[in-house]
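In: Would you be able to build a 3D model of this:
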Amino acid sequence: MIENYLSLYNSLSRRKERFVPIHEGRVGMYVCGPTVYGDGHLGHARPAITFDILYRYLTHLGYKVRYVRNITDVGHLEHDADEGEDKIAKKARLEQLEPMEVVQHYLNRYHKAMDDLNVLPPSIEPHASGHIIEQIEYIKKILDSGYAYISEGSVYFDVPKYNRDHHYGKLSGRNIDELLATTRALDGQQEKHNPADFALWKKAAPEHIMHWPSPWSEGFPGW
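Out: The predicted model follows:
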């Protein structure tokens, strides 16, 4: 009799290993979902199909699987950096809609595309905007640990400081010198201590239509 099991490539150890769940009989999957400000594309289809196969196979092996796929509906800036306008807010302004109208419209279209691909829905699909309180609490913990700093109402993760105590690029295999050498210098980032640092919370400009109260400013979560 052939035993069914699963082997996966471990990005940390750089080798293929037999999968053993943390809790016997149960598996948790967290997959980054789309930022819903436009129609889906091949980049959305690839992880959806990849993790749908994994989800189905784990279920086939008899595991009870909790599959979480988030929806980014706030905090994704237009240049994929720490400057510019929130992508959803910009789309809402251009189309003269409420931001959540934009979110719902493109989320409906994303779900339709996933149905057309015969991709199973996740167990839970949380929205970033529905967990602002939790994000603020996590940012507080990072600040308390000393690995973030406040600058002009925004909060940034201190990459070099974290790297002094831990290996920041341990999972990706990149070292901090390579990261710093390839980081672009962008306008409007004078708030940062280092170009590689990234925003955990961004202070909102007065005209920004998506913002929440926080201990640091009226703003919105970053990456």
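
In: And Gln189, what's its pLDDT?
Out: Residue-level confidence at Gln189 comes out at 63, pLDDT.

In: got the contact list for Ala48?
Out: 114, 117, 119 (C-beta atoms under 8 Å, 6 or more residues apart in numbering). Bear in mind the C-beta positions are built from the backbone N, C-alpha and C, glycine included.

In: again, only this time at 6 Å
Out: Residues in contact with Ala48 (C-beta atoms under 6 Å, 6 or more residues apart in numbering) are 114, 119.

In: likewise Ala148?
Out: For Ala148, the contact set (C-beta under 6 Å, 6+ apart) comprises 142, 155, 157-158, 200.

In: one more time with 8 Å, if that's ok
Out: If a contact means C-beta under 8 Å, 6+ apart, then Ala148 has 139, 142, 155-158, 200 as its contacts.

In: Taking these together, which two end up most distant?
Out: Ile139 and Asp158 (12.6 Å; C-beta to C-beta).

In: Find the nearest non-adjacent residue to the residue positioned nearest the centre of the chain, please.
Out: Ranked by distance to the mean C-alpha position of the chain (C-alpha atoms, centre = their mean), the top residue is Cys32 at 5.8 Å. With sequence-adjacent residues excluded and distances taken as C-beta to C-beta, 6 or more residues apart in numbering, Cys32 is closest to Asn70, at 6.4 Å.

In: right, and that neighbour touches Pro126 too?
Out: Yes. Counting by C-beta atoms under 8 Å, Asn70 does reach Pro126; the two are 5.5 Å apart.

In: And those two? Which one has more around it.
Out: It is Asn70, of Asn70 and Pro126, that has more neighbours when counted by other C-beta atoms under 10 Å, with 19 against 14.

In: Can you say which helix or strand has Pro195 in it?
Out: Here Pro195, judged by DSSP states H and E, is contained in no helix and no strand.

In: Could you report the separation of it from Arg26?
Out: Summarising the geometry, the distance separating Pro195 from Arg26, computed by C-beta to C-beta, to the nearest Å, is 41 Å.

In: Of those two, which one has the most company?
Out: In this comparison of Pro195 against Arg26, neighbours counted by other C-beta under 10 Å, the higher total goes to Pro195 at 17 against 11.

In: Outline the domain layout of the chain.
Out: The chain breaks down by automatic domain parsing into domains covering 7-126, 131-221.

In: I'd like the mean pLDDT over the first one, please.
Out: Model confidence over domain 7-126 averages 86 on the pLDDT scale.

In: distance between it and the chain's centre?
Out: 9 Å (C-alpha atoms, centre = their mean, to the nearest Å).

In: Quick check: end-to-end length of it?
Out: 29 Å (C-alpha to C-alpha, to the nearest Å).
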